[in-house]
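**Q** Requesting a structural model of the entry that follows:
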Amino acid sequence: MEGFLTWPSLTLDQKTLLLTHEGTEGETGAGNLLIWRRTSTAEPFRKFSLASVEGIPPLKVRAPRLVETTGELFFSAQPKSEELTGNAVIKNFPLP
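**A** Residues are numbered from 1 along each chain as shown. Presented below is the predicted three-dimensional model:
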């Protein structure tokens, strides 16, 4: 994976990390919402998956924040996104 990772947000149990892959200029993956998992807080994050929600295009976002008590994922749209604009929320966001 080229580019860089930004906007980290950790769940309360510290076993799930949400962040965005900003990619490199012109890279198609720029802005993808990644979900990193680990089984213990004593381990590093090693495995990730792309966030997806049925019926919604791949999430290309900035500043993801998950409110675990309500299951709401708040985020800002990528500046050049055609699918999303401004700030948004997905209710009942499913963590993989």
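
**Q** Find the residue ranges of this structure scoring beneath the pLDDT cut-off.
**A** Residues of the chain meeting the criterion pLDDT under 70: 1, 24-30, 78-85.

**Q** Centroid-nearest residue for it?
**A** Nearest residue to the geometric centre of the chain (C-alpha atoms, centre = their mean): Leu33, 2.9 Å.

**Q** That one: what secondary structure?
**A** strand (DSSP: H, G, I helix; E, B strand; the rest coil).

**Q** partners of it in the sheet?
**A** Residues in a beta bridge with Leu33, per DSSP bridges, are Thr20.

**Q** Can you verify my assumption that it contacts Ala63?
**A** No. If you go by C-beta atoms under 8 Å, Leu33 and Ala63 don't touch, sitting 10.4 Å apart. In this view, the C-beta of every residue, glycine as well, is placed from N, C-alpha and C.

**Q** so what sits against both of these two?
**A** Thr20, Phe75 (C-beta atoms under 8 Å, 6 or more residues apart in numbering).

**Q** In contact with the residue nearest to the centre of the chain, which residues?
**A** Leu18, Leu19, Thr20, Leu50, Ala51, Leu59, Lys60, Val61, Pro64, Phe75.

**Q** Next, format those residues as a markdown table and append distance to Glu2, secondary structure and neighbour count.
**A** Listed next are the contacts of Leu33 as a markdown table, based on distance: C-beta to C-beta, whole Å; DSSP: H, G, I helix; E, B strand; the rest coil; neighbours: other C-beta atoms under 10 Å:
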| residue | distance to Glu2 | secondary structure | neighbour count |
| --- | --- | --- | --- |
| Leu18 | 20 | strand | 24 |
| Leu19 | 15 | strand | 21 |
| Thr20 | 14 | strand | 27 |
| Leu50 | 16 | strand | 13 |
| Ala51 | 19 | coil | 23 |
| Leu59 | 19 | coil | 25 |
| Lys60 | 16 | strand | 22 |
| Val61 | 19 | strand | 24 |
| Pro64 | 20 | strand | 22 |
| Phe75 | 22 | strand | 25 |
